[in-house]
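1. Dropping the sequence and predicted coords here.
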Amino acid sequence: MRRLLLVAVVGWLVVAPAGPAAARTAKQPPIEIRSWGPTEGMLKDRGFMVSVLWRVARHQDVVVSDSGGGPADPLERIHQIETAVWTFEPIRFDRLVIENRTGSQTRFTVAYEDLQASLGSRAAGLEKLTPAALIAVSAVYGWPSAYGSRNDSSSWLLIPGVVLGPLALVILLVALTVIRGRRRSGDASAHRLAG
């Protein structure tokens, strides 16, 4: 019986660490949401056929899927997309990814620092939030009105939980402290009477 228990414990110690290690090495899919900024509309007004989304994974990217329209010169297209994202996209990001959906199906990635070097500083207020922060905020409080409207009627249900949860915890801790204090004073009174 002891040997069986020893084999089970050793087996568990060998196999159990592999579970989390395997989970850590598995690549998580990125989170992608449509941009609520005005960049897509600005580019469409200039004749581009694009969609703009935020991709959160190892990097926080602004992704522009370019399906045509706009200038025929590829360098001018890239410059206009870079300028529109830099000027109008209301978030802090790590990279701009331009995915060409016509012909060659290429992907062009530009680091934030490279955009800053070529286009200068961004306007004040454009760097307040990152895509990851917007996702977290929207999960609790709904989508910030400064970033467009979002029809998510369930997010208001989280507010009572965020407020009432900690309040209930505080009340529970106070009640336990009061009960413990009464027990101690009752034990001290009983000890005085006995002695």
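-> Alright, I've got the coordinates.
2. Name the residues of stretch 51-66 that are buried.
-> 51-56, 60-64, 66 (16 or more other Cβ atoms under 10 Å). (Each C-beta comes from the backbone N, C-alpha and C, glycine too.)
3. buried ones in stretch 90-109?
-> In stretch 90-109, counting by 16+ other Cβ under 10 Å, buried: 90-100, 108.
4. Take those and write them to TSV, including distance to Ala124, secondary structure and pLDDT.
-> Output for these, formatted as TSV (distance: Cβ to Cβ, whole Å; DSSP: H, G, I helix; E, B strand; the rest coil; pLDDT from 0 to 100):
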residue	distance to Ala124	secondary structure	pLDDT
Pro90	12	coil	86
Ile91	14	coil	85
Arg92	13	coil	87
Phe93	17	coil	91
Asp94	20	coil	93
Arg95	22	strand	95
Leu96	20	strand	95
Val97	25	strand	95
Ile98	26	strand	94
Glu99	30	strand	92
Asn100	32	strand	87
Phe108	28	strand	90
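5. if we can go back for a sec, could you list which of the buried residues of stretch 51-66 belong to strands?
-> If you go by DSSP state E, the buried residues of stretch 51-66 have 51-56, 60-64, 66 in strands.
6. Show me which of these is closest to Leu115.
-> Val62 (10.0 Å; Cβ to Cβ).
7. Kindly state the beta-bridge partners for that closest one.
-> Trp54, Leu96 (DSSP bridges).
8. Same check on Ala111?
-> Arg95.
9. you'd agree it is up against Glu82?
-> No. Using Cβ atoms under 8 Å as the test, Ala111 is too far from Glu82 to be in contact (11.5 Å).
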